[in-house]
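[1] Okay, here's the prediction I keep looking at, along with the sequence it came from:
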Amino acid sequence: MTEEYTIPLAKIVRELALQEIYLPKSAEEILINSKDVNRPGLELNGFCDYFDSHRIAILGRSEMALLESWGGEKQAQAIENFFALQPPAVIVARGIEIPGCMRQSAEKHGVPLLLSGDSTSNVVADLVSLLNVELAPRITRHGVLVEVYGEGILLVGDSGVGKSETAIELIKRGHRLIADDAVEIRRTSRKALVGQAPENIRHFIELRGIGIINARRIFGMGAVKLTEKIDMCINMELWDATKVYDRMGIDSEFTEILGIRVPVITIPVKPGRNLAIIIEVAAMNNRQKKMGYNAAQELLSSLGMDMADLQGTDIRKDLDI
């Protein structure tokens, strides 16, 4: 069963700078659970077959002009019928003056009535953007999320493998920490994953032998970031001498998070390896691949070999490495 997420109306009021015309109760107690919004032109004309009572309704210049053109009793009746559908909230855009009968209907049916001075299209865009983030499907993964050269890198691996220590080294090299230990991942669109730290542990890092530190306090505001998209996942594991690790990067591996495929590579950890530099190179290489360049493919082309024919094979044998 899919978990349902909500956002308090108070946060929407703050983020969109809305004016409260009428609230039946505290905006913190009014919860919104739909990412979609409604422009109720058809509903004002009486067609309500597909009306969704969970969507916030936005009245712009067109809807308000339609109501004004009716005037008198027809206008009041259309507003009354619409508010009787009890949408979770109604926002009037462009600072348009709200008719007295609209406020009366809002009070009668207990529907929050809000006013925005912004254009209708901006209100819709800002509201949908906010709802997509706040109501996005999410999971929490054990790991560390850092931003390296603009790429969001999710470090995963067993406890004690060195994820937090590597994050500290990356911070010292000018990169930024988003989350340590627990990463809250949200699917904000069909193609995008965004990670952040739970609010109660934000900016904190656990270092064995030292304890808990606050990265923002020690390294400054430039060392942390609230959210970041996830571009790739790096699995850190202790070096296994019996295991054959990828040395060419021909085969692309992926992991699935919330239904979205994310590139993943495995980096073996052993004394003497500078993991921070390796992760920096991995981030730049991942960006190059997204832009259409693959170093392994160029090397094979220069050797007169076909990359497609060699995928899944040990290329070192073919090159006598």
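    Right, received. Where do you want to start? Numbers count the residues shown, from 1 in each chain.
[2] and stretch 12-22, how far from the chain's centre?
    Put simply, stretch 12-22 sits 23 Å off its chain's centre (CA atoms, centre = their mean, to the nearest Å).
[3] ok, now how distant is Phe47 from Lys289?
    50 Å (CB to CB, to the nearest Å). Where C-beta positions appear, they are placed from N, C-alpha and C, glycine not excepted.
[4] which of those two has more neighbours?
    A count of neighbours by other CB atoms under 10 Å puts Lys289 above the other of Phe47 and Lys289, at 17 against 11.
[5] after the host helix or strand of that one, next one along is what?
    Element membership for Lys289 (DSSP states H and E) is helix 275-290. The helix or strand immediately downstream of helix 275-290 is helix 295-302, counting by DSSP H and E.
[6] List the buried residues in stretch 267-280.
    267-269, 275-276, 278-280 (16 or more other CB atoms under 10 Å).
[7] can those go into CSV with extra columns for distance to Pro112 and pLDDT?
    Formatted as CSV, these follow (distance: CB to CB, whole Å; pLDDT from 0 to 100):
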residue, distance to Pro112, pLDDT
Ile267, 51, 91
Pro268, 56, 90
Val269, 54, 90
Leu275, 51, 92
Ala276, 50, 93
Ile278, 53, 92
Ile279, 47, 95
Glu280, 49, 95
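[8] ok, these vs Ser189, which is closest?
    Ile279 (26.0 Å; CB to CB).
[9] okay but that closest one is in contact with Asn235, surely?
    No - the pair Ile279 / Asn235 is not scored as a contact, 11.8 Å apart, by CB atoms under 8 Å.
[10] Quick check: neighbours shared by those two?
    Ile267 (CB atoms under 8 Å, 6 or more residues apart in numbering).
[11] now Met236: how far from Ile267?
    With CB to CB as the criterion, Met236 and Ile267 are 6 Å apart.
[12] where do the contact lists of the two overlap?
    Leu275.
[13] beta partners of Asn214?
    For Asn214, the beta-bridge partners are Phe204 (DSSP bridges).
[14] Near it, how many other residues are there?
    Neighbour tally, Asn214, other CB under 10 Å: 12.
[15] what's the answer for Gln75, then?
    Considering only other CB under 10 Å, Gln75 is surrounded by 18 other residues.
[16] Find the nearest non-adjacent residue to it, please.
    Leu67 (5.0 Å; CB to CB, 6 or more residues apart in numbering).
[17] Rounded mean pLDDT for the helix or strand harbouring Val144, please.
    When elements are assigned from DSSP H and E, Val144 belongs to strand 138-148. Averaging pLDDT along strand 138-148 yields 95.
[18] Tell me the helix or strand right after it.
    strand 151-157.
[19] How about residues contacting that following strand?
    Against strand 151-157 from outside (CB under 8 Å, 6+ apart): 141-147, 163, 166-167, 178, 183, 195, 228-237, 262, 269, 279, 282-284, 286-287.
[20] Select only the buried ones of those residues in ChimeraX?
    A single ChimeraX command selects the buried members of the contacts of strand 151-157 (16+ other CB under 10 Å):
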select :141,143,144,145,146,147,163,166,167,178,183,195,228,230,231,232,233,234,235,236,262,269,279,282,283,286,287
